[in-house]
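1. Structure for the following, please:
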Amino acid sequence: MFLMLVVFFLDSPSYILNLFLQTLGFYVQNLVQLSFHCDAFEQVGPSYGSEDRARAVDDSDGDSAWMNEWTVFYWSWWIAWSPFVGAFIAKISRGRTIREFIHGSLTAPVLYSFLWLTVFGGSGIKMERLAASKGLCCPNWNSSVPTDISLIDTVYPNKTGWEGILCKDGECNPCSRGIIESFNNTIYNLSTEINSTTEYGSTMMMIDKKQITRLSCHEKEKMWFMLMASYGDIYGNFLSVVSLVGLVLYLLTSSDSGSLIIDSLASNGDSEPPVTQRIFWAMVEGACATSLLAAGGRSALVAIQTASIVAAFPYTILLLILCAAIYQGLESEFREEDYDPPQFTIGLLDVITTWQPRLMRETLKNVVLGPYTCGNCLAKTNNSKHPYLWQISLSMLLIGVVVFNIVEWQLHIPGSSSIAWTCYFGYVFYVTGARVLLRIRCHIPGNMIADFFICFFLWPTVIVQMKDHIDAGALNLVHVGSIVSGMKGTASIDRHFDHMSMDSELDRIARLYSNFGNQTNLKSADIHSRSTNEIRKNSLKATI
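-> Residues are numbered from 1 along each chain as shown. Okay, the predicted model is just below:
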């Protein structure tokens, strides 16, 4: 904040304020469009033939690498950081309301980022434009030019062919050619310019005791300090020192926060792990970063960026599940306190969290026999005695996924994998439909979009969940509940049960009722102490 305010007042405050309002308006205006922008046309190449379509626009083609080098990278970077940052923010936000949490972790950082990028980005653009207006340009000198540049005069005594050795790829750009001509082809004067180009050279000049630099001619790591140097010798050096201190503090606080969360996870969720253990993790993080930089340099950073993109993919699936879970949790909190909606008898991840052998066997079995089980579930949900049509359709789709992938990999017939993906989506749609239909029949809250993504990644556990729910008698309970809802008054229920047979199925329904959101909370001792007929009456009266 201190650094931003100093630069704000040292530069042109009116320019920065106007820039903030203008860029904020552009951001709001294009937010929806850019949120859905995926570089679709850039991926298929330049727009050849646009002039024939009478729709030619100058420079209409964007950079096809923008999405991968910027958007996708930062998207994956944020997702890869989400487990650490999310746990840390949740730890320090304990006791706050959701509104306070959103304002503190989303609204305030976004507004501060807007200000930061406007101040420093606007100052850098302003200096870049000023440097270009003064004729400063970016020469393409050859970095392998001999230290004693007078040797070139020996090789080319007639001072011809200098371009081939002075410039990269043997060809000087307009900037380099203009510099050579400005020195009247005097190589001894030109040597000073070339030897100093590693720092500034022709890309820098002094205006009103301020250093103006063509930032685009230099590496990104140097641009910041060149911008700080533009505010004079005294303030420029001061701001550079403050920048270094800020970078050190940023790295220390980030490492401390990350070490705290890693230590907490390694300590089985302990919120206050030992300090010595946290120091150990901080030293391990620093040692890993130092070794990677020392061994690979810049290429190691590229490798880390690629690894972050790969590591972020599984977290994407978890974040989608978390978004749906948070929405459902907030929705239930918004309702009355005694609201207890029906739920499935088992959870989707019970096979992992409980490690029950039965669930593990069922899940592995339905990886292959999923079409058979899902067809039975569809038949029972639709009160049909013939599941064969569903079973055959699901089997053909699942077999098609395997067969067409094998054809693509082994026979190398192009396009087969596309048909395999089509079969897989068809299979997922079938399973999603079965889950949606069962939810509706059993009055279980949810939505079709969440069901689709759940079935897309976890379809074997979805099928096991549906089978277990139906086997527990959920559909029978719904059927009896519909009978009760059609009766008027307690007397009608009593008369109805006086004429119903005392079969074991109704006893089973009465015992299962507490698992599906009832408010009677019948205990096992009460079941044995009361008559079976009274238990049925009281349990089903509670559904009215």
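2. pLDDT weak spots in the protein?
-> Within the chain, the ranges that satisfy pLDDT under 70 run 47, 49-65, 68-72, 142-166, 170, 180-204, 208-209, 297-298, 336-339, 477-544.
3. and residue 211, what helix or strand is that in?
-> Using DSSP states H and E, residue 211 maps to strand 210-213.
4. So what's the gap between the next helix or strand after that strand and the chain middle?
-> For strand 210-213, the following helix or strand on the C-terminal side (DSSP H and E) is helix 220-229. Mean-position distance between helix 220-229 and its chain equals 31 Å (C-alpha atoms, centre = their mean, to the nearest Å).
5. So which residues of the stretch 201-350 of the chain form helices?
-> Using DSSP state H, counting those that start in this stretch, the helices of the stretch 201-350 of the chain run over residues 220-229, 233-266, 275-296, 298-334, 350-353.
6. possible to save those helices as CSV with distance to residue 446 and mean neighbour count?
-> For the C-beta atoms, the positions are set from N, CA and C on the backbone; glycine is no exception. As requested, the helices of the stretch 201-350 of the chain are exported to CSV (distance: least, C-beta to C-beta, whole Å; neighbours: other C-beta atoms under 10 Å):
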stretch, distance to residue 446, mean neighbour count
helix 220-229, 47, 17
helix 233-266, 31, 15
helix 275-296, 40, 13
helix 298-334, 8, 13
helix 350-353, 17, 16
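7. related to what we said a few turns ago, report all helices and strands that the strand holding residue 211 contacts.
-> helix 122-133, strand 204-207, helix 220-229 (3 or more C-beta pairs under 8 Å, 6 or more residues apart in numbering; DSSP states H and E).
8. who does it pair up with?
-> strand 204-207 (antiparallel) (DSSP bridges).
9. Need the residues that contact the partner strand.
-> For strand 204-207, contacts defined as C-beta atoms under 8 Å, 6 or more residues apart in numbering pick out 130-131, 134, 136, 211-214.
10. what do you get if the cut-off is 7 Å, keeping everything else the same?
-> Strand 204-207 has contacts (C-beta atoms under 7 Å, 6 or more residues apart in numbering) with 134, 136, 211-213.
11. Output that strand as CSV, nothing but the C-alphas.
-> Provided in CSV are the C-alpha atoms of strand 204-207 (Å, rounded to 0.1, in the frame of the first residue of the first chain):
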residue,chain,number,x,y,z
MET,A,204,17.2,4.7,-22.3
MET,A,205,17.5,8.5,-22.0
MET,A,206,17.3,11.2,-19.3
ILE,A,207,14.5,13.7,-19.4
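12. hang on, the earlier thing: let's have the contacts of strand 204-207 in TSV, adding distance to residue 25.
-> Formatted as TSV, the contacts of strand 204-207 follow (distance: C-beta to C-beta, whole Å):
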residue	distance to residue 25
134	30
136	31
211	33
212	29
213	30
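13. Which one of the residues you listed sits in the busiest neighbourhood?
-> Within those, most neighbours by other C-beta atoms under 10 Å means residue 213, with 25 neighbours.
14. Any idea what that one is bridged to?
-> residue 204.
15. can you give me the helices in the stretch 1-150 of the chain?
-> 2-10, 13-35, 40-43, 66, 72-92, 98-102, 108-116, 122-133.
16. what comes into contact with the second one?
-> By C-beta under 7 Å, 6+ apart, the surrounding residues in contact with helix 13-35 are 8, 114-115, 118-119, 122, 126.
17. Ok, the last one next?
-> In this structure, residues lying in contact with helix 122-133 by C-beta under 7 Å, 6+ apart are 7, 11, 15-16, 19, 212-216, 223, 227, 230.
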